[in-house]
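Asks: Just need the structure, nothing else, for what follows:
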Amino acid sequence: MNKNKILCDTLMKYSKENISTGGKGNFLFEGDNIEVMQMLIENNIKVKVIYFDSPYNTGTNKYEYKDKFKEDEWEKFMEERLIKAKDILEDSGAIYLSIDSHELSTLKNLCDTVFGKKNCMALINIYMRSYEKSLNEKAIFANNMEYLLIYCKNRDKVEIKRLKKCIKLENYKYKIRINVENPETLNLGEHKIEIYKKGMYEKIACNDIDDKEILKEEYSSGKKLKNHWTSTYYKKHLQDRRKLDGDDTLYKIYDLGEDGLGYRYIKQPSKNYKNGIYYQGIPTKYREEAEEKGISLGNVEIEVPYEDTLDLSIENEIGDKDLSTILGKKYNINPKPIELMEYILNMHDKEAVILDAFAGSGRMGQAILKKNSEDEGNRIFILCQKVEGKESGNICKEITYKYINKIIENNSYNEDLIYCSIDSEHNTNTDI
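Replies: Prediction:
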């Protein structure tokens, strides 16, 4: 039996109400997340992804969420939930935790203890507010950044998809024209090189992407001097020849590169510049992939690292507007941008089960519904939200449940939303 079917059958016994479209089940639990996580443990339910948008402990109980703890209270609160989260995670899974500077170091230390330092995957820096928004604040330093900590359960087994992007063909726009014969040659570092002084060559424009000799220009600087083969060759063998050969000298190094040319050009800096430049062709494997799949080079996808800095300041401003528009009432709870949720979801497969332990308005659920619709995915969400709120009463029922239900209704998503409670075991399911 499909494991997601088993999960749905197990959780249905906690159902109180069901918004049914005849589609796949998703679950919203009313109550304390630690009780929900304990229930998942007892039912041997595992999830691929966990998201924590826990209290930041900023010292102000903003709107309806408790956000003021004594230090030891906050640590205990988080530690208890992190331990249970680890039990729930699949061996191949990961947990994502939003936080700001107030408790970043404390949360990092807790996660290092619970998950192990080696299982820390990343710390993502996120601009949540533009600098201009804090010009009138009394603080000495602006507080515009938030952070996303990413931990896995087992670094040897974690399954996180690499980010795929199309090749930036616009960067390939040059060719090198050699204007002399019989240049000076020598051997350096097991490579034959030809030396072309300034005036012996030209860098010319090229807009024919099918030209095998088309090149892009890259600077040999920073980390590249340590990690990139061409740049390390420049640093080791050519950088100190600048005084001897002169500014703008071009070297043609044979048997270097993966672009099928059989050589790579490296140039000394121009006057008043520090860093050398190399010229790289389109890697052979991308041309071969395009030919094999019958697609253009511009549609070839390459795997690249995820960015470790995101700017969501504009997206973050519209969260309350979305909530207010859909529910017809003004709110000021600053829900997380849906783009942040999508950033997380893009790292995992279309069959993932996702637990959002601090659901708030339900933005993770919204992102999953949207993503499933776009790529025909079968992701399932389990959301937890406490019954808390002086203004709205039951925030889980009055905000989270209504918001997600409206999202399903407005977009005609073929998805179900099941409203659950730990106290509802053996309840009779009631459709509304």
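Asks: Please count neighbours and contacts with C-alpha atoms only from this point.
Replies: OK.
Asks: The residue positioned nearest the centre of the chain: what secondary structure?
Replies: Note on the chain: the residue nearest the mean C-alpha position is Y343, at 4.1 Å, using C-alpha atoms, centre = their mean. Judged by DSSP: H, G, I helix; E, B strand; the rest coil, the three-state class of Y343 is helix.
Asks: Show the contacting residues for it.
Replies: For Y343, the contact set (C-alpha atoms under 8 Å, 6 or more residues apart in numbering) is empty.
Asks: Longest strand in this protein, please.
Replies: Criterion DSSP state E: the longest strand present in the chain is strand 89-99.
Asks: which helices and strands sit right next to that strand?
Replies: On a contact count with 3 or more C-alpha pairs under 8 Å, 6 or more residues apart in numbering; DSSP states H and E, strand 89-99 meets strand 47-52, strand 145-152.
Asks: What pairs with the longest one, parallel or antiparallel?
Replies: With DSSP bridges as the criterion, the sheet partners recorded for strand 145-152 are strand 89-99 (antiparallel), strand 120-127 (antiparallel).
Asks: most packed of these?
Replies: strand 89-99 (a mean of 22; mean count of other C-alpha atoms under 10 Å).
Asks: Would you reformat the strands paired with strand 145-152 as a markdown table and include distance to K216 and mean pLDDT?
Replies: Shown next, in a markdown table, are the strands paired with strand 145-152 (distance: least, C-alpha to C-alpha, whole Å; pLDDT from 0 to 100):
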| stretch | distance to K216 | mean pLDDT |
| --- | --- | --- |
| strand 89-99 | 37 | 97 |
| strand 120-127 | 29 | 96 |
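Asks: Which of those strands sits closest to V387?
Replies: Across these, V387 has its closest neighbour in strand 89-99 (21.3 Å, C-alpha to C-alpha).
Asks: quick one: low-confidence ranges for this structure?
Replies: By pLDDT under 70, the weakly predicted segments of the chain are 1, 19-23, 59-69, 71, 132-137, 222-228, 388-393, 424-432.
Asks: Let me see the domain layout of it.
Replies: 3-159+306-431, 168-287 (automatic domain parsing).
Asks: Which of the ones you listed sits closest to N299?
Replies: domain 168-287 (9.9 Å).
Asks: And the strands in the stretch 101-250 of the chain?
Replies: 120-127, 145-152, 163-166, 172-178, 184-188, 191-196, 201-205, 215-220, 250-254 (DSSP state E, counting those that start in this stretch).
Asks: Would you convert those strands into a markdown table that also reports distance to I314?
Replies: Shown next, in a markdown table, are the strands of the stretch 101-250 of the chain (distance: least, C-alpha to C-alpha, whole Å):
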| stretch | distance to I314 |
| --- | --- |
| strand 120-127 | 9 |
| strand 145-152 | 13 |
| strand 163-166 | 23 |
| strand 172-178 | 32 |
| strand 184-188 | 52 |
| strand 191-196 | 49 |
| strand 201-205 | 37 |
| strand 215-220 | 31 |
| strand 250-254 | 45 |
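Asks: P55 is nearest to which of those?
Replies: Counting by C-alpha to C-alpha, P55 lies closest to strand 145-152 out of the strands of the stretch 101-250 of the chain; the figure is 12.7 Å.
Asks: where's that closest one relative to the chain centroid, distance-wise?
Replies: 10 Å (C-alpha atoms, centre = their mean, to the nearest Å).
Asks: ranges for the helices of this structure?
Replies: Per DSSP state H, the chain carries helices over the ranges 3-11, 33-42, 71-88, 104-115, 224-227, 229-233, 242-245, 284-293, 313-317, 319-327, 338-345, 363-375, 395, 402-411.
Asks: Just name the most buried of these.
Replies: When the helices of the chain are compared using mean count of other C-alpha under 10 Å, helix 395 is most buried, at a mean of 22.
Asks: quick check, distance from stretch 202-219 to the centre of its chain.
Replies: So, by C-alpha atoms, centre = their mean, the centroid of stretch 202-219 is 32 Å from its chain's centroid.
Asks: List of residues touching it?
Replies: Taking C-alpha under 8 Å, 6+ apart as the rule, stretch 202-219 contacts 169, 171-179, 261, 275-282.
Asks: 6 Å - rerun?
Replies: Residues outside stretch 202-219 that contact it (C-alpha atoms under 6 Å, 6 or more residues apart in numbering) are 171-177, 276-281.
Asks: Can you mark which positions in it are buried?
Replies: I209, K212, E213, I214, L215, K216, E217, Y219 (16 or more other C-alpha atoms under 10 Å).
Asks: Next: stretch 253-266.
Replies: By 16+ other C-alpha under 10 Å, the buried positions in stretch 253-266 come out as I253, Y254, L256, G257, D259, G260, L261, Y263, R264, Y265, I266.
Asks: Tell me the spacing between the first one and D211.
Replies: Read that as I253. 20 Å (C-alpha to C-alpha, to the nearest Å).
Asks: For the contacts of stretch 202-219, could you give me TSV that also reports distance to L369 and neighbour count?
Replies: Shown next, in TSV, are these (distance: C-alpha to C-alpha, whole Å; neighbours: other C-alpha atoms under 10 Å):
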residue	distance to L369	neighbour count
N171	36	11
Y172	38	22
K173	41	17
Y174	45	21
K175	47	21
I176	51	17
R177	54	11
G276	49	24
I277	46	22
Y278	45	21
Y279	44	22
Q280	42	23
G281	41	24
